[in-house]
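what would the 3D arrangement of this be:
(2 chains)
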2 protein chains.
Amino acid sequence: MAPHLVQPGWRFWRQAACTLGASVQHRTWAGTPRIPRPGSLWGATTTSPRICRSGSSTSARAPEVTLTRERYPVRRLPFSVVSREDLEAFERVVPGRVITDPEVLEASNVDWLRTVRGSSAVLLRPRTSEEVAHILRYCHERNLAVNPQGGNTGMVGGSVPVFDEIILSTALMNQVISFHDLSGTLVCQAGCVLEELSRHVEERGFIMPLDLGAKGSCHIGGNVATNAGGLRFLRYGSLHGTVLGLEVVLADGTVLNCLSAPRKDNTGYDLKQLFIGSEGTLGVITAVSILCPPKPRAVNVAFLESPFYVLIETSGSRAGHDAEKLNDFLEQVLRSGLVTDGTVATDHMKVKALWALRERISEALSRDGYVYKYDLSLPTERLYDLVTDLRVRLGPQAKHVVGYGHLGDGNLHLNVTSEAFSPSVLDALEPYVYEWTAGQRGSVSAEHGLGFRKRGVISYSKPPEALRLMRQLKALLDPKGILNPYKTLPAQA
Amino acid sequence: MAPHLVQPGWRFWRQAACTLGASVQHRTWAGTPRIPRPGSLWGATTTSPRICRSGSSTSARAPEVTLTRERYPVRRLPFSVVSREDLEAFERVVPGRVITDPEVLEASNVDWLRTVRGSSAVLLRPRTSEEVAHILRYCHERNLAVNPQGGNTGMVGGSVPVFDEIILSTALMNQVISFHDLSGTLVCQAGCVLEELSRHVEERGFIMPLDLGAKGSCHIGGNVATNAGGLRFLRYGSLHGTVLGLEVVLADGTVLNCLSAPRKDNTGYDLKQLFIGSEGTLGVITAVSILCPPKPRAVNVAFLESPFYVLIETSGSRAGHDAEKLNDFLEQVLRSGLVTDGTVATDHMKVKALWALRERISEALSRDGYVYKYDLSLPTERLYDLVTDLRVRLGPQAKHVVGYGHLGDGNLHLNVTSEAFSPSVLDALEPYVYEWTAGQRGSVSAEHGLGFRKRGVISYSKPPEALRLMRQLKALLDPKGILNPYKTLPAQA
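As a prediction, this is how the structure comes out:
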């Protein structure tokens, strides 16, 4: 089961819900047929297309994003500047795949949340790890900074340049290398889109061990580089457990091939772990070997109402058994008054529609005004306290203080909206939110990573000795600091 | 389900089975009551006590183990020798817990398989991480080599000194620090015995995510340091996924506290991963935070016969559902002829008795003569080919060529026995076994690690670039090389 917590009653949540209500066919489990109520989820009739996290749907009407170098107090490090000779050299390595067209570059310079904007003048599209190695060897030699980029769906400004770093896109590294249908081991290039991999393995009776809202755009390499969490984390665990092997190109162009790893392998240090969650700062992931669980034969999604909306997904091998257990559970929580209303879906499309309600919250929030976003791990029993606390603290300064997330993982997505960016709201939020979280020994970045925007807060969750060792690892693996600079680790004093 | 593969028909296997047969109460699932057959598992009547992996039961009659420095071509590195002043200094740090009694030291100088023997003259028993830090700071300063030791149940000679390294035992660091009964997070000192932790969390409705034959002796710190696999690996995954946090003392005495990690935490590099499976060569694990799954309400163990013995354990939340699924499966495999005979146990004691058959194979083998042990990962469909291949290759030179292991994980425990150690048998086995495994892109150490005895074969599973990076990490974290020297990484030319 993967319970997900959503606080009810926000305008945009209702909006999101209503867009999909009509397509959600449900069976009632409270013993009586459901009677549509006006304005409620069940009675809604409008529909809207699913919006992909490409940013294009919102960017059309969005204002220009301020350049990161102008908005944030960050100084360019003394890397070389890309010259005409460099472009010619790249053209020899990836002929026809050296992009300098400003319009094409624009989408890769801005993150999908439209919070940061780099000014890179070149984007490279290698197809193989050898090409990546060639590029990095050249950049290392020339002291050129590189910004590895997957689907550009990150939440913390980690996937776009801060200044003029060369964008190294994995978009054309999108080949499945192999799938072993006895063990469920998938080996593929880093640029494969998660949703396409899902389709690939589902046709073979397996599923990907991770699923997230950005699946239509995000790349598996980016997922691994950011140690993406998402909706299957509770059931299948972290990528540190499900990723079996990686091929990584190091800063100096060395290809580190730890790809053909079997499920169990204790021959020396588990090097691949270093790169999982390192946000492209220690090496560029070029291929991934990942363990896929068998596809569940039965999936149920329950969407429950009480003071909170809760989504629960169950998966198992026999529909009758799962339905029996779920029904018993639902009867029990209804009888006890813990749950007051809800619906259950088993059909794939209806399951998808229910999950879409959850997956589109982030997009709905972005339409409510300026969004202050936090992604926190907290003890489950304290998960919502910060939300109620902040409502009092912020008062009418905030449009909404919203808490949703992953109940089973103790992961709160805290979002505060105001009409426009307000320094006084920010001052009321920071460092308060981080101190509150540190006081609970929580994590100030549960699954989003640190990237550019959160790198300054690492010390709320990590002691100085850990930070020191991280810096040593960075210096060891990337002595010139060319890989995704200004990310993950805080700027040095 | 956790299918385990055991090849039938060996004398010692029958012995092991017979010792426990009488206590195995079973229900038949083939439709007819089971009729005890003479000499078969089901009809056996003798019992014997469970033998703990302390080594004492076998060592009483075992010959002296040759000193490692005399048996293997290994040269002592230029560490300092422990002086009287050092002992006095240690006595100030861990008063009354500086052990120099040769009889007490003997058990810690020899591994439980009795294959290697160090000549350490001192064993320290700290109680706290501060004491460990104090000891390492001193040893680092004085250039004294240190051998961290947990339950000394390792299979590759990693847990005992090679020469005169100081033995740093976690035996007195055996306190549970906390258990969070909502999330199932256990935090404890490194010296807690796995079986005691199991009891602790089972009383609270959870289980440990790992289980192995050595559970009565092994320490959780040692489990993590060696990335132990074991019997729950298929279901709950690797320790890289289930370990949430670690406290580690680095070679210079720095305490790295990454213990209070929540389930999701993406704040910087996941440093704890470095130490999981590093066999005490990068730091000394002093405390562990680990995620415990809910205790299954229903457990079934099926023990099946065909050409192979197979143990399958299922766990779930409702006995009736699990029984139904298992019965359907058994009917299907019986009808198809895939399985010819078997038994199913649900009662805890009977389940334990069935598992004991598997867990005592290693002990049984040690009574068959000299044992050549290999622990390999192979593609599941090729798992047994090497066994049949070697039977032909070795002919009458070998008493037995035995393959058992973890079918679901693709993990073969290959054991070859001969009356006594024979260089010609060894020459027939090595490098043949390693080359065969490398040819399948398997792992030459699936779950046992490299320790002292297997460190020379790392290159069959890891490329030179990986080995180079491992050496760089070792040099970064332990510049003087004082932590568990002569282990994991091959000797440098």
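
residue in chain A nearest to chain B?
Closest contact between chain A and chain B, by C-beta to the nearest C-beta, is at A:Gly241 (2.2 Å). Where you see a C-beta, it was placed from the backbone N, CA and C, and this is true even at glycine.

please, which helix or strand holds that residue?
Assigned by DSSP states H and E, A:Gly241 falls within helix A:239-242.

repeat that for A:Gly222.
With DSSP H and E as criterion, A:Gly222 is part of helix A:220-225.

average model confidence for that helix?
Averaging pLDDT along helix A:220-225 yields 98.

tell me if it is near chain B.
No - using C-beta under 8 Å from any C-beta of the partner chain, helix A:220-225 never reaches chain B; the gap is at least 10.9 Å.

likewise stretch A:181-191?
Yes - part of stretch A:181-191 sits near chain B under the criterion C-beta under 8 Å from any C-beta, namely A:Leu182, A:Ser183.

quick one: end-to-end length of that stretch, please.
22 Å (C-alpha to C-alpha, to the nearest Å).

try stretch A:419-435
25 Å.

how about stretch A:328-344?
13 Å.

could you check how far that stretch is from the centre of its chain?
Relative to the mean C-alpha coordinate of its chain, stretch A:328-344 is positioned 31 Å out (C-alpha atoms, centre = their mean, to the nearest Å).

what mean pLDDT does it have?
95.

do the same with stretch A:245-254
Confidence for stretch A:245-254, expressed as mean pLDDT, is 98.

put the alpha carbons of that stretch into CSV.
Coordinates of each C-alpha in stretch A:245-254 appear next as CSV, following Å, rounded to 0.1, in the frame of the first residue of the first chain:
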residue,chain,number,x,y,z
GLY,A,245,24.6,-1.1,-12.3
LEU,A,246,25.6,2.2,-13.9
GLU,A,247,27.9,3.3,-16.7
VAL,A,248,29.3,6.7,-15.8
VAL,A,249,31.6,9.0,-17.6
LEU,A,250,33.9,10.8,-15.1
ALA,A,251,34.9,14.4,-15.3
ASP,A,252,38.2,13.6,-17.2
GLY,A,253,36.4,11.4,-19.7
THR,A,254,37.1,8.1,-18.1
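
what's that stretch in contact with?
The contact list for stretch A:245-254 (C-beta atoms under 8 Å, 6 or more residues apart in numbering or on different chains) reads A:129, A:132-138, A:140, A:187, A:224, A:255-261, A:272, A:275-276, A:282-289, A:477-480, A:482-483, B:465.

contacting residues for the spatially closest residue to A:Gly221 that is not a sequence neighbour?
Among residues not flanking A:Gly221 along the chain, A:Ala190 sits closest, at 2.6 Å (C-beta to C-beta, 6 or more residues apart in numbering or on different chains). Applying C-beta under 8 Å, 6+ apart to A:Ala190 gives the contacts A:150, A:170, A:173, A:219-222, A:224, A:284-288.

kindly report the same for A:Ile285.
A:Pro148, A:Ala190, A:Gly221, A:Val224, A:Ala225, A:Leu246, A:Glu247, A:Val248, A:Phe275.

which one (most neighbours) among those residues?
A:Ala225 (33 neighbours; other C-beta atoms under 10 Å in any protein chain shown).

hmm, that residue is touching A:Glu279, no?
Yes - under the criterion of C-beta atoms under 8 Å, A:Ala225 makes contact with A:Glu279 at 5.7 Å.

quick revisit: next SSE downstream of the helix holding A:Gly222?
helix A:233-236.

got the buried residues for that following helix?
For helix A:233-236, burial by neighbour count (16 or more other C-beta atoms under 10 Å in any protein chain shown) applies to A:Phe233, A:Leu234, A:Arg235, A:Tyr236.

residues of the stretch 351-493 of chain A that sit close to chain B?
Counting by C-beta under 8 Å from any C-beta, the residues of the stretch 351-493 of chain A close to chain B are A:377-381, A:406, A:409-411, A:441-450, A:457-458, A:460-463, A:465-467, A:469-470, A:472-473, A:476-477, A:488-489.

looks to me like A:Glu196 is in a strand.
No - A:Glu196: not assigned to a strand; according to DSSP: H, G, I helix; E, B strand; the rest coil it is helix.

what's around it, how many residues?
A:Glu196: 15 neighbours (other C-beta under 10 Å).

what sits against it?
The neighbourhood of A:Glu196, defined by C-beta under 8 Å, 6+ apart, consists of A:Asn174.

do you know how far it is from A:Val176?
Relative to A:Val176, A:Glu196 is positioned 9 Å away (C-beta to C-beta, to the nearest Å).

next one: A:Asp341
Counting by C-beta to C-beta, the separation of A:Asp341 from A:Val176 is 43 Å.

could you pull out the buried residues of stretch A:342-355?
Neighbour-count burial for stretch A:342-355, counted by 16+ other C-beta under 10 Å, picks out A:Gly342, A:Thr343, A:Val344, A:Ala345, A:Thr346, A:Lys350, A:Val351, A:Lys352, A:Ala353, A:Leu354, A:Trp355.

need the longest helix for chain A.
The longest helix of chain A (DSSP state H) is helix A:319-335.

what about A:Ile167, helix or strand, and which?
strand A:166-169.

that strand packs against which elements?
Judged by 3 or more C-beta pairs under 8 Å, 6 or more residues apart in numbering or on different chains; DSSP states H and E, the packing partners of strand A:166-169 are helix A:102-109, strand A:123-124, helix A:129-142, strand A:146-149.

list the contacts of the closest residue to A:Tyr384 other than its chain neighbours.
Nearest residue to A:Tyr384 in three dimensions, chain neighbours excluded: A:Gly403, at 5.6 Å (C-beta to C-beta, 6+ apart). Contacts for A:Gly403 (C-beta under 8 Å, 6+ apart) come out as A:Leu5, A:Gln7, A:Leu383, A:Tyr384, A:Leu386, A:Val387, A:Leu412, A:His413, A:Leu414, A:Asn415.
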